[in-house]
Every structure is written in C-alpha cells, then in structure tokens.
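[1] need coordinates for the following:
(chains A and B)
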Amino acid sequence: MTLASLTKPWAATSYGFLDASAKRELRRKMLKAIAVPGCQMPYASREVPMARGWGTGGLQVTLTLVNPQSTIKVIDQGADDGVNAASIRRFISRVSGAAETWDTLEASIIQSRHRVPEETLAADQILVLQVPNPEPLRGVEPNMSIARQMHADADYGRLWLTLYEQMVRKGRIMQGAAYPSLVNGRHVMTPSPIPRWDVPKLNMAQHLTFLSAGREKRLHAVPPFTRVEPLVFSDRPYRVEDHAELVCRRSGVAGYFMNEIPQDQGGSVFEISDSNLGIKAIRQAEGEVVAIGTTWYRNGEYSA
Amino acid sequence: MAYVATRGGEKAIEQAERLFRQDLGTIDIARVAAIRQSMPYLIDRVMGEASLYDEDMAALALAQTGGELSEAVLVLRAWRTTQPRLAVAAPLRQEHLLTQRRISAAFKDIPGGQILGPTLDYSHRVLATDVFEGIPYHPPAVDAAARPAPMRQPSLADWQRQQGLVAPATEPQVARDDIPDLTREPLLFPASRAHRLQSLARAETGGVLALGYAAMRGYGNAHPTVNELRLAEAEVVVRHPCGTEFSAGRVRVCQAEVTSKEKGGFLELGFAASFGWNEVKVIAAATLDLNSAEAPLGSPMHEEFYLYHTESVEASGFCIHFKLPHYVTFQSVLDAMRDAKAKAAAADAHDDDDALAQARQTEPAE
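    Numbering: from 1, shown residues only, chains lettered A, B, ... in the order given. Prediction:
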C-alpha cells in the first residue's frame, strides 16, 4: 500500500466549494432546524467568494445540498437572469457539476432572494431562501442575547404590540414584505423578505424550505406540512398585496405578483415578477408546447 | 424572447467588471512585489482583517482590487476559507516575542526597558514634495545604539501580578488543540474571551477606532492607560505529526494592554492583539475589551454591539447589497401605503362617527 492510495487526488477546492467540515456542520444545523421548525440555528458561516448580504447564507445551504444530479434554479426578485442570480447559479454549477435551469418545474433545488415561485413546488423540491435578517424581533429588540431569551420564552408581546400600533395609527398593518409568521405554533420567524403574497405558500406546503442568513450566521427551516401562520388579529385577517386584477403587459397573464414599472407620461404598467413563468406564458401563446405548473392562487385568492 | 432581450443586463455587467479591471491594468509578479515592499503597513492591516498571514497573497489582493480595502479583505478571506486547518500553533508568550518596539505609558521605566522601535509618533507630518521636483527622498541612516536592545522582554503584567497590582490570572488553561476558533464556530453572546479577542483581531480598523474612540472620549467608562504596547515578530511553533515541535516561520504581530482604575483592589487590564503591525487598532480594541465588563447592555460599548458592527466583511457586504434590486419588497410597502392612504381618505370623507362606522363596515375585510 502506498501513501498516495490512502488519499484523494489533490484538488484546489473541495467538491461544491465548501470543505467537508463546513458541510458537516451545516448538515447538522439543517437537521436541527427541521426538527424545531422556525427556530434559528447558529452556524459558523464560512466566507465564500461573494460579498456578505449577497446570498452567502442561501449559497452555503445549496452547496451543502447539491450533488451532480441536482438541477439548480436561482432567482432574484423572481428573475433568473438578474445579475446576482445568474452569478450564483453559474458558481453553483461550476463547483458542483449540477445542471442549471430557469424552469421551476425542472429544478430540484431553488435558491431564491425575495420570492417563492408562483408554480406550486412538489415534495421532491427544496426551496432555499436567502435571508438578510432572520430575527423577527430585531425591530423591537436589537440585542440578540435578549431576543434569544424572548424566543425561548415565546415572548412575542412586543411584536404583537407594534402590529396593533400600526393598525391604530394607519388603519391597517403596515408590514410589507418579511411578514412575521408563527411556525408550527411555536416560533415566530421572519420568512425572508418575501412579499405577503408568498407567505401562504409556505403553509402546509409539500416542499421543504430552508431560510439561511450567512452574514447573521443563522438558519431556520419550514419542513413539509408545517403550519405557517402570519401574525394577525382575529378580526383583521391576513391580507396579501392587492395584485389579483393586475395584468402583465408582456405576457398578458393575471393573478400573480407583479412588478410596477413607472411610465414617463405618468402612471404605471405591470410585469409579472416570476419572470420565467411570464416567458413560458408568452411561448405558450405563440403555440409552443410548454408545461406550466399549477399555482397557489386562483383569481388572486389563495386556493392551494 | 423579447421579454428576456430587454432585460439584457448580464452583458453590461460583464463589461462593468472589465472596465474596473482595465483601469487597474496588467497585474504581474513585479507589481505584487512592489506593493508588498512599499506598503508593509497596508499589507499588515489587510492580513490582520483577513486573519490570513501571507504577505504575497495580501499584496495580490490589494493589486487585484486596486486598494479597495474591504474587497481586498473579502478576496483574501474567501481564499482562506478553502484552506485546510493543518495545525494549531503553540500559544505565544510575551517574553518570547522578538520585540522591536515596546512602550509603556503607565511607568517611566519598566523591567526590560522601553524600546521605541520604528514609529512616526514624534515626526513632523510633512509631505516630501521635493520628490516632485525630481529630488528623491533618501531616508537618513539609523545610528546604531551603543548596545543592542535585548531581543526579548519580560511581560509587564507578570511583574504587576508579582507586585499584587493585577489580579492573578484566573482563565482556565485550555489544551492547545481545544482553543476555540471563531472561523469555525458562530459568535454567540455572551462571547467567550477567546472569541471576543479573535473577533477584535480581525475587526475592521476604522470601525474599531470609531467605537474605541467613543469609549475613550466619554461614552465608555474607562480611561485607557497604555500598560504595554508591542510590535514584535513571533515564531509560529507547530507540531509535526511525528511529535516534534518546530518553527514554521515568523509573523509580525502587535499587541496592546491597557489598564484602567482599580476594581476590587486590582488594576483591570484590557487586551488586544493582531497579525501585522497596527497600533491604532490594538489600542482601540484593547480599550473596548477593557470597557466590556461594565458596558450597559445594548450600548455601543457592549461586546455584542462592537463585535457585530466592526466585522468588515459582513458590514461592507451588507452595505453594498443595498445596490441589489429591492423592487419586490418595495412593491409590498407601496401596496400597504396606498391602501392606508385610501382608508384615511375614506375616513376624512365621512367625519361624523356614524358615517365612519358605516364605512368601516362596508370596507373589504383586512
């Protein structure tokens, strides 16, 4: 036996960029996160070749999950060709050999910033959300040591109070994206800055969702078939963005979350935020055979 | 696919990066060597913040980023994270450091003596504009002292402990291989002292200075007196798998120990050390360390505040991420704002209570 036979051939970096000890830590934390839905698990969070706050948390989870049979979709604000999304997708593919796709239906791992795709995710798909700030209590308690104590005590009174104050002052809850939500009846989480439109998609979903914040070194998870309930008062039900009637000016589809495009002459037009769904709709209209998945909403009403 | 073609940012982005790199020109080994040779303190600063001691890599990072410090640190750290951790070096002892500068502001003289070493502290900060007139600046030669200073000096804190001025060390002895490593464990609070000092060692110089200055100026509770400041070279002693210990080379290190008023009959000490020579950073960091114990929770002098907010890679990354599109979250805010405005307008239209109550009832449920 030679020494060389005991080792692997030298490589500049490990498979999937992260070394084995980093992946091992992440896997342990990901399993813990699944075991205690919505609870934030600290992890070391390694430096990766992109700036903190640009998806390094999601990237570390994806790099841990990926294998050569994976098909990767990366979206930013719903678009696959956003600069950072394209860059992350290329990087993952380069270091793992995984296939790349824009199609939600083909992807086995979907890493996303700020959106849950509009086509319903299946049980064999994993959604990885990039999270800038995983702490729902940050607004009411900036100190992490105290916030952790409050999570331990399920002490969310101050969070409820801010929602109540908004209602008194403004007539409605003003929380835009990142709506605080109770997971499995125990931990309140920040569901990454996805719009209110996307939060119901996590409730009792078939798919597994990881939410990972590289800069803040925390990850949490929503396992399949887990309750995710936005914090609302019994007489003021949760309300998603008023986008049901908006029509995409390019694809003509309606009933999805839209981007508003201000016009020179005043006023605005709208484009579907899930850009590849828009592309598929255009292709279908042009006569191509395109598979478009079922969606979570019907006429702007959540119906899954 | 017109939908895609009009987005077309990817090509522009690639050109933007090319523009940046074109401005910097060709990077060859000569340029890297020139940066390494001419800017040792900048190299030290980058190596310290990246927690990677490699002068050539640091010079390359500076060349490649055009001196954009936070980018240089990020490039180095991203490279560092791919490297295996082969060994844990033996802890440094102050009395073993090959000390080139060692001063104390607490005593006029100290055992082992004060050694000024290289410093600009007492210089006139005048630009050498003659260089532009074609007159090169030649540094005057150093006159050697009659008798060389000893290479190694004792630890002042050890002397203070013997005199009963400083509390005996109570930190538990940790086996060398069990020393916590911040780069492989998350920073949690209350932080262990090892994590606090490691985090300060790689903290951003400007950030540590700003918060350390705030602590000195009166927002903290302790006036730092420099007990001992050292610039030194240290042998990195590692263990070969066969069990022998050997030096893997020398690294430049600096350390500051600052002291404050007495507490419980003893002087308190704040400490910081870093790769490379960066006196301002270690004095400011040691002041933060000194202030930590009494800092009110949530104040900028509290360890959670300053450790989080002086992490250069995290802070700069988050700051520049605001250049990424945020139109989904912004749209969500707009939606809530328009709806609230519409509600307010509806309420104004019916100012008597009954009409308002009716309006609320007929509104769609929220």
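
[2] count of neighbours near the residue nearest to A:Pro49 when sequence neighbours are not counted?
    Of all residues not flanking A:Pro49 in the chain, B:Ala78 sits nearest, at 4.3 Å (C-beta to C-beta, 6 or more residues apart in numbering or on different chains). For every residue, glycine as well, the C-beta is placed using N, CA and C. Neighbour count of B:Ala78, defined by other C-beta atoms under 10 Å in any protein chain shown: 20.

[3] tell me the secondary structure for B:Ala78?
    helix (DSSP: H, G, I helix; E, B strand; the rest coil).

[4] residues in contact with it?
    A:Glu47, A:Val48, A:Pro49, A:Met50 (C-beta atoms under 8 Å, 6 or more residues apart in numbering or on different chains).

[5] top of those by neighbour count?
    Busiest of the contacts of B:Ala78 [other C-beta under 10 Å] is A:Val48, holding 26 neighbours.

[6] that one - that's part of a strand, no?
    No. A:Val48 is assigned coil when assessed by three-state DSSP, not a strand.

[7] does B:Lys323 sit in a helix, a strand or a coil?
    Assignment for B:Lys323 (three-state DSSP): coil.

[8] which parts of the chain are strands?
    Since no chain was named, I'll use chain A. Applying DSSP state E to chain A gives strands spanning A:41-42, A:71-76, A:99-100, A:109-113, A:126-130, A:181-183, A:187-189, A:208-213, A:218-222, A:228-230, A:258-262, A:268-272, A:297-298, A:301-302.

[9] correction: the question concerned chain B.
    Using DSSP E, strands in chain B cover B:98-103, B:225-239, B:245-263, B:266-275.

[10] nearest to chain A, out of the ones you listed?
    strand B:266-275 (16.3 Å; C-beta to the nearest C-beta).

[11] show me what the closest one is packed up against.
    Counting contacts by 3 or more C-beta pairs under 8 Å, 6 or more residues apart in numbering or on different chains; DSSP states H and E, strand B:266-275 packs against helix B:40-50, helix B:193-201, strand B:245-263, helix B:279-292.

[12] again, 6 Å this time
    The contact analysis (3 or more C-beta pairs under 6 Å, 6 or more residues apart in numbering or on different chains; DSSP states H and E) places strand B:266-275 against helix B:40-50, strand B:245-263, helix B:279-292.

[13] how about the ones you listed in a markdown table, adding mean pLDDT?
    A markdown table is the format used below for the helices and strands packed on strand B:266-275 (pLDDT from 0 to 100):
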| stretch | mean pLDDT |
| --- | --- |
| helix B:40-50 | 97 |
| strand B:245-263 | 92 |
| helix B:279-292 | 96 |
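
[14] buried deepest among the ones you listed, which one?
    Scoring these by mean neighbour count under mean count of other C-beta atoms under 10 Å in any protein chain shown gives helix B:279-292 as the most buried, with a mean of 27.

[15] CA-only coordinates of that one in CSV, if you can.
    The C-alpha trace of helix B:279-292 is given here as CSV (Å, rounded to 0.1, in the frame of the first residue of the first chain):
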residue,chain,number,x,y,z
GLU,B,279,-1.0,50.1,16.8
VAL,B,280,-4.1,52.2,16.4
LYS,B,281,-6.3,49.1,16.1
VAL,B,282,-5.0,47.2,19.0
ILE,B,283,-5.1,50.2,21.4
ALA,B,284,-8.7,50.9,20.4
ALA,B,285,-9.6,47.2,20.6
ALA,B,286,-8.0,46.8,24.0
THR,B,287,-10.0,49.8,25.2
LEU,B,288,-13.2,48.2,24.0
ASP,B,289,-12.1,45.0,25.8
LEU,B,290,-11.4,47.0,29.0
ASN,B,291,-14.8,48.6,28.8
SER,B,292,-16.8,45.5,28.1
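
[16] does that helix come close to chain A?
    No. Remark: helix B:279-292 sits outside contact range of chain A, by C-beta under 6 Å from any C-beta of the partner chain, the gap being at least 13.4 Å.

[17] and the contacts of that helix?
    The contact list for helix B:279-292 (C-beta atoms under 6 Å, 6 or more residues apart in numbering or on different chains) reads B:200, B:205, B:208-209, B:212, B:215-216, B:220-222, B:224, B:254-256, B:258, B:260, B:270-272, B:274, B:301, B:303, B:306.

[18] return the residues in contact with B:Val258.
    Contacts of B:Val258 (C-beta under 6 Å, 6+ apart): B:Pro224, B:Val226, B:Asn227, B:Gly270, B:Ala286, B:Thr287, B:Leu290.
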